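>>> No letters, just coordinates:
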């Protein structure tokens, strides 16, 4: 990557003069794959890629079998639409990922996602799971004073065994730097959300809540340790 697939999307980006974030199954070498998002910037074409850093290994999300963790770190990309920070799905649960991307100047954090309910769990835990997912990403918007664009799949995918499957919960949304919802998609159907975002809202938010200014980077070294139990 770049390759034939990114070239096809670059042609679309150039035709409509839009920035695109494209999730791809990147073959790096025989038997070695990454969960990768490519960034296309209108007529400029392909500008870079982000390889998913956090790889889950949960029931029905056995991604460690298929994907190698990313090795490019957290990245922000300049586009005509603004400075885009791109993270992928499971990355959305990690505040460190959002912060490191925002510190590189990202004005919008994009999270292409495929998350859903196990049907047998939905009645007991579904509402809480979906609310936690939304809350976490809106918190990233507040903590970093930037916009968050969470794009999630919808619909049901049956298990190949014929038993069970995953019901993707949709609810794609955009959160403003103050954490408020700019727009919200339903959970049961595909929609296209179009919004005009005022990037100057970041300036106002960061002046009012200057989290970046007041960070104590001298005190955070223990974050690089796996455990702090001694």
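Nice, I can see it. All figures in this text were calculated on a predicted structure; none of them were measured in a lab.
>>> any idea how far residue 6 is from residue 82?
Noted for residue 6: a distance of 20 Å to residue 82, by C-beta to C-beta, to the nearest Å. For glycine as for every other residue, the C-beta is placed from the backbone atoms N, C-alpha and C.
>>> Comparing these two, which shows the higher neighbour count?
Comparing residue 6 with residue 82 by neighbour count (other C-beta atoms under 10 Å), the higher total belongs to residue 6, at 22 against 18.
>>> where exactly do the strands run in this protein?
Defined through DSSP state E, the strands belonging to the chain, from first to last, are 19-29, 32-41, 45-51, 57-58, 61-62, 76-79, 82-86, 108-113, 116-117, 147-152, 154-158, 165-169, 173-175, 181-184.
>>> Tell me the predicted confidence for the residue nearest to residue 94 when sequence neighbours are not counted.
Of all residues not flanking residue 94 in the chain, residue 54 sits nearest, at 5.9 Å (C-beta to C-beta, 6 or more residues apart in numbering). Looking at residue 54, its pLDDT reads 98.
>>> Kindly report the same for residue 140.
For residue 140, pLDDT reads 99.
>>> Tell me how many other residues surround the nearest residue to it once chain neighbours are set aside.
For residue 140, the nearest residue in space outside its immediate sequence neighbours is residue 98; the separation is 4.0 Å by C-beta to C-beta, 6+ apart. Using other C-beta under 10 Å, residue 98 has 27 neighbouring residues.
>>> Over to residue 174?
Neighbours of residue 174 using other C-beta under 10 Å come to 20.
>>> ok, now the one 10 residues further on?
Using other C-beta under 10 Å, residue 184 is surrounded by 16 other residues.
>>> so what's it up against?
The contact partners of residue 184, by C-beta atoms under 8 Å, 6 or more residues apart in numbering, come to 171-173.
>>> Counting neighbours, which of these comes out on top?
The member of the contacts of residue 184 that has the most neighbours, counting by other C-beta under 10 Å, is residue 172 with 23 neighbours.
>>> so what's that residue scoring on pLDDT?
According to the model, residue 172 carries a pLDDT of 98.
>>> For the nearest residue to residue 28 once chain neighbours are set aside, give the beta-bridge partners.
Nearest in space to residue 28, with sequence neighbours left out and distances taken as C-beta to C-beta, 6+ apart, is residue 34 at 5.9 Å. Counting by DSSP bridges, residue 34 is bridged to residue 26.
>>> And residue 34, how far from residue 18?
Distance of residue 34 to residue 18, computed by C-beta to C-beta: 25 Å.
>>> The two - which one has more neighbours?
In terms of neighbours (other C-beta under 10 Å), residue 34 is the more surrounded of residue 34 and residue 18; the figures are 24 against 15.
>>> Surely the more buried one touches residue 53?
No: contact criterion C-beta atoms under 8 Å: residue 34 and residue 53 do not qualify, at 10.1 Å.
>>> which parts of stretch 145-165 are buried?
Residues 145-154, 165 are the ones in stretch 145-165 that count as buried (16 or more other C-beta atoms under 10 Å).
>>> In terms of distance to residue 177, which of these ranks first?
Proximity of the buried residues of stretch 145-165 to residue 177 was ranked by C-beta to C-beta; the top entry is residue 145 with 4.7 Å.
>>> residues in contact with that closest one?
Taking C-beta under 8 Å, 6+ apart as the criterion, residue 145 is in contact with 102, 177, 202, 205-206, 209, 211-212.
>>> who's in contact with the residue nearest the centre of the chain?
Per C-alpha atoms, centre = their mean, the C-alpha nearest to the average position across the chain is that of residue 111, at 1.6 Å. For residue 111, the residues meeting the contact criterion (C-beta under 8 Å, 6+ apart) are 87-89, 91-92, 137, 148-151.
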